[in-house]
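Asker: What follows is a protein structure lacking sequence information:
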């Protein structure tokens with residue numbers, strides 16, 4: 001199964017902030033690029049990445065589930081966001 005999400009463009013400046021926690025789980029939140037903190041967003045976080053995709057709430061749940069179930073890696077997810085404008089099909 002895959003989902004198609006909109007890639008952000010310079011005029012939308014929305015990103016998905018994804019964090020990996022110390023227990024190996026992942027969390028994500030869609031926000032304005034200007035709202036991304038310079039410090040860790042979640043407690044117990046070991047990594048945080050800005051991904052230039054704009055999923056709807058259901059798509060975001062599916063992406064986080066795929067990350068938590070190890071069907072998707074942060075590197076793979078980041079490559080979908082670097083595709084530029086348009087849409088990306090993410091296998092989840």
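Answerer: Everything's here; your move. Since we're looking at a predicted model, the values are computed, not measured.

Asker: for the protein, what spans make up the helices?
Answerer: Here the chain has its helices, by DSSP state H, at 57-68, 74-81.

Asker: Please produce a markdown table containing the ones you listed, extended by mean neighbour count, mean pLDDT and distance to residue 27.
Answerer: C-beta: built from backbone N, CA, C; applies to glycine. As requested, the helices of the chain are exported to a markdown table (neighbours: other CB atoms under 10 Å; pLDDT from 0 to 100; distance: least, CB to CB, whole Å):
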| stretch | mean neighbour count | mean pLDDT | distance to residue 27 |
| --- | --- | --- | --- |
| helix 57-68 | 17 | 96 | 7 |
| helix 74-81 | 16 | 87 | 12 |
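
Asker: Of all those helices, which one is nearest residue 39?
Answerer: Nearest to residue 39, of all those, is helix 74-81, at 18.8 Å by CB to CB.

Asker: Tell me what angle that closest one forms with helix 57-68.
Answerer: 150 degrees (axes from the mean of the first three to the mean of the last three CA atoms, to 10 degrees).

Asker: and the residue positioned nearest the centre of the chain, bridged to which residues?
Answerer: The structure's the chain has its C-alpha centroid closest to residue 16; by CA atoms, centre = their mean the separation is 4.2 Å. Here residue 16 sits in beta bridges with residue 30, residue 51, as judged by DSSP bridges.
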